[in-house]
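K.L.:
quick one, structure for this:
(one chain, ligands or ions: 1)
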Amino acid sequence: MILVLFGPPGSGKGTQSDLLRNSGHFVHISTGDLLRNEVAEGTEIGGIVKDIMSHGEFPSDDIIMSLIEKQLDLHEGEQIICDGFPRTMNQVLAFNTLLSVKRENVGLVVNLNVDLSQLIERISGRYSCKECGAVYHDTNKRPLKDGACDRCGGLEFVRRTDDQPDVLKNRVRTYLDQTQAVCDYYRQKGLVKDLDASKDPVSVNNDLKSCLTQAGFII
Ligand code: AMP
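P.N.:
Next up, the predicted model:
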């Protein structure tokens, strides 16, 4: 069964996915992470999407679907968190086709709500471990030992080029423009739960787990 996590950049999709993944019952698929890996590895897809992503725009739906199809093949029958996907109606329709072939379904869509000023505050201090990708924040979430990653001990950290405030505003605008229709589509199907994601991550996670249990997921 699939959980779709919706929310603008900085709403906590990655943090909530990490907390759920710790239970061992979920696989996390983030199209943003998949695309960044392609760029880091210098693949053909990476070369195509690099500039598009650095401006906060969306790469083509065909590229996104090719990455998702590979992941669905790898994780057949598992509980999957889709983070940042689907983001356009074309992706929804292509996803429906893929899922029906695999006899899978979207069991819940969670919409994480946070206002823009809080998003900017969260994102402008964000950085991650170069080695394992664990995410930290200048004020809200520093590593336990300064300068070393809690998860893997890595000593090098990076900031995303698309986390600059002006690019971020474009990402939020693009997100809202493109994804409103997607959210409406799932809402009409009765699958959407709205959560207040301005709360602390553990409270949001507790709310999320209640929704998942009600929807029949194993947590
Ligand atoms: P994220 O890590 O989810 O904030 O995504 C970072 C960037 O990757 C976005 O601003 C888009 O450029 C691109 N991206 C991620 N997921 C998708 C998607 N499903 N469709 C189109 N573009 C995406």
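K.L.:
what residues of the worst-scoring helix or strand of the chain on mean pLDDT count as buried?
P.N.:
Here the helix or strand of the chain ranked lowest by mean pLDDT, DSSP states H and E is helix 116-124, holding a mean of 85. Neighbour-count burial for helix 116-124, with 16 or more other Cβ atoms under 10 Å as criterion, is recorded at 119-120, 122-123. All C-beta spots, glycine's among them, are computed from the backbone N, C-alpha and C.
K.L.:
just want the most central residue of this protein.
P.N.:
For the chain, the residue nearest the mean C-alpha position is residue 83 (2.9 Å; Cα atoms, centre = their mean).
K.L.:
could you measure from residue 42 over to the ligand?
P.N.:
17 Å (Cβ to the nearest ligand atom, to the nearest Å).
K.L.:
just give me the neighbour total for that residue.
P.N.:
9 (other Cβ atoms under 10 Å).
K.L.:
quick check: pLDDT value at it.
P.N.:
pLDDT, residue 42: 97.
K.L.:
any idea how far the residue nearest to the residue nearest to the centre of the chain when sequence neighbours are not counted lies from the ligand?
P.N.:
Of all residues not flanking residue 83 in the chain, residue 30 sits nearest, at 4.1 Å (Cβ to Cβ, 6 or more residues apart in numbering). Using Cβ to the nearest ligand atom, one gets 6 Å for the distance from residue 30 to the ligand.
K.L.:
residues of the protein that sit close to the ligand?
P.N.:
9, 31-32, 35, 53, 56-59, 64, 84-85, 87, 91, 162, 171 (Cβ under 6 Å from any ligand atom).
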